[in-house]
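Engineer: Take a look and give me a structure for this.
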Amino acid sequence: MTCMKKLYKQISVRGINWFLVLLSILLVLTLCSCGAQTPVNYVFDDLGRLVAINGTPQRIISLAPSNTEILFALGLGDKVVGVTNWCNYPPEALNKTKVGDYAMPDIEKIAALNPDLILAGYGNPIEVVYTLAGLGLTVFGIKTTDLNDLLNDIRRIGEITDKEQEAAALTSEMASNIKAVTDVTSQLEERPRVFYMLWYDPLWTAGSETFIHELIEKGGGVNICQNLTGYPIIELEYVLACDPEIIITSVWCYDWALNATELESTTARQTNRVFTCNDDLVQRPGPRLVKGLEWFAYFIHPEVFEEPED
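Structural biologist: A predicted model of the protein is given here:
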């Protein structure tokens with residue numbers, strides 16, 4: 001009986017030891033498996049969607065020219081595999097695969113490029129965003145309304161692409177350039193009435209809650225359409241009643257604003273203060289929007305600001 005007890009005890013000890021060995025192996029395999037999993041970062045985009053970013057994106061598609069400019073400015077050009085037909089800056093963007101217009105991108109071509117991040121922007125139909133997301137693709141939406149929002153959007157793109165330091169450096173430089181303008185304009189008493197013209201038939205402008213409105217305000221002017229929001233279509237009579245002292249236009253309607261008899265009575269026309277500059281500097285919420293602010297400040301207050309360098 002004593003021998004049987006000793007044998008049983010030896011077997012029990014050996015069983016426990018084997019169990020502990022197996023348990024250790026399982027724990028190691030589990031830890032290795034967990035360590036090998038791609039970390040997931042959950043971030044809310046500007047569309048209010050909670051987006052899961054799986055690891056560091058390696059294949060990025062931009063659905064807006066402004067997003068393309070941000071990606072390249074952050075040093076992500078080599079990871080951009082697709083852009084829109086309108087993405088023309090920097091020049092390297094012209095060599096990227098085109099996925100259509102940002103209002104009507106080619107869903108099949110986008111999916112075929114196998115992106116792990118798609119940056120959508122203002123002008124992309126929400127149906128496109130949901131369609132792409134429904135295919136299991138990661139879509140992150142950006143919608144910039146003002147300069148501070150732009151700086152935050154750049155930082156967020158830096159966060160989800162592992163370019164936080166580059167984003168911090170870029171936004172710091174942009175903020176410094178913005179401050180160089182506003183330190184001057186905030187002290188000016190004269191604030192001329194400004195009308196910004198996106199198009200003339202019909203008259204299309206920029207109201208409050210837009211970055212163009214902020215360019216006017218920070219540039220030292222008063223937007224005659226500040227009581228309107230977004231990008232409204234307005235009547236000519238409204239413009240004439242406000243009598244803008246300065247008219248800034250899109251390149252496409254500059255000649256009309258210079259010569260149209262409809263605007264002849266405005267102070268802007270009477271004093272030859274109708275201006276335009278590169279549309280991409282003022283209509284794209286990207287890093288170059290700060291250069292657009294410098295142009296607006298020069299148009300509005302040439303007595304203080306020098307003409308910006310290209």
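Engineer: For G292, list the residues it contacts.
Structural biologist: Contact partners of G292, counting by C-beta atoms under 8 Å, 6 or more residues apart in numbering, are 215, 277, 281-282. All C-beta spots, glycine's among them, are computed from the backbone N, C-alpha and C.
Engineer: Compare those residues and tell me which has the most neighbours.
Structural biologist: Highest neighbour count within the contacts of G292: L215, with 30 neighbours (other C-beta atoms under 10 Å).
Engineer: Not counting sequence-adjacent ones, nearest residue to that residue?
Structural biologist: F296 (4.6 Å; C-beta to C-beta, 6 or more residues apart in numbering).
Engineer: Likewise for G82?
Structural biologist: Spatially, and ignoring its direct neighbours in sequence, G82 is nearest to I61 (3.9 Å; C-beta to C-beta, 6+ apart).
Engineer: give me the number of residues near the one you found?
Structural biologist: Neighbour count of I61, defined by other C-beta under 10 Å: 31.
Engineer: circling back: with distance to Y130 added, can I get the contacts of G292 in CSV?
Structural biologist: Converted to CSV, those look like this (distance: C-beta to C-beta, whole Å):
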residue, distance to Y130
L215, 32
C277, 36
L281, 32
V282, 30
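Engineer: Among these, which one sits closest to G75?
Structural biologist: Set against G75, the nearest of those by C-beta to C-beta is L281 (21.5 Å).
Engineer: Surely the closest one forms part of a helix?
Structural biologist: Yes: the assignment for L281 by DSSP: H, G, I helix; E, B strand; the rest coil puts it in a helix.
Engineer: Show me this structure divided up by domain.
Structural biologist: With domains defined by automatic domain parsing, the chain comprises 40-143, 189-300.
Engineer: and the residue nearest to L215, helix, strand or coil?
Structural biologist: Going by three-state DSSP: F296 is helix.
Engineer: Is it in contact with H213, as I believe?
Structural biologist: No: F296 is beyond contact range of H213, at 10.7 Å (criterion: C-beta atoms under 8 Å).
Engineer: who has more neighbours, the two?
Structural biologist: Set F296 next to H213 and count neighbours by other C-beta under 10 Å: F296 wins out with 31 against 24.
Engineer: need the contact list for the more buried one.
Structural biologist: Counting by C-beta under 8 Å, 6+ apart, F296 has contacts 215-216, 218-219, 221, 248, 282.
Engineer: which stretches of the protein form strands?
Structural biologist: 40-44, 50-54, 60-62, 80-83, 97-98, 117-120, 139-141, 193-197, 199-200, 203-204, 222-223, 233-234, 246-249, 274-276 (DSSP state E).
Engineer: So which elements touch the fifth one?
Structural biologist: Just to be clear, that refers to strand 97-98. Helices and strands touching strand 97-98, by 3 or more C-beta pairs under 8 Å, 6 or more residues apart in numbering; DSSP states H and E, are strand 80-83.
Engineer: Now the strand it packs on: buried residues?
Structural biologist: Buried residues in strand 80-83, counting neighbours by 16 or more other C-beta atoms under 10 Å, are found at 80-83.
Engineer: Any chance of TSV for these, columns distance to T205?
Structural biologist: Below are the buried residues of strand 80-83 laid out as TSV (distance: C-beta to C-beta, whole Å):
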residue	distance to T205
V80	33
V81	36
G82	32
V83	28
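Engineer: Max pairwise distance over those: which two?
Structural biologist: It's V81 and V83 that sit farthest apart of the buried residues of strand 80-83, by C-beta to C-beta, at 8.7 Å.
Engineer: Could you pull out the helices in the protein for me?
Structural biologist: 2-36, 65-73, 107-112, 126-134, 147-160, 164-185, 211-218, 236-242, 254-259, 267-270, 279-283, 289-300 (DSSP state H).
Engineer: Give me whichever of these is most buried.
Structural biologist: Highest mean neighbour count among those (mean count of other C-beta atoms under 10 Å): helix 65-73, with a mean of 26.
Engineer: average model confidence for that helix?
Structural biologist: Mean per-residue pLDDT for helix 65-73: 98.
Engineer: and that helix with helix 164-185, angle?
Structural biologist: Here helix 65-73 runs at an angle of 120 degrees relative to helix 164-185 (axes from the mean of the first three to the mean of the last three C-alpha atoms, to 10 degrees).
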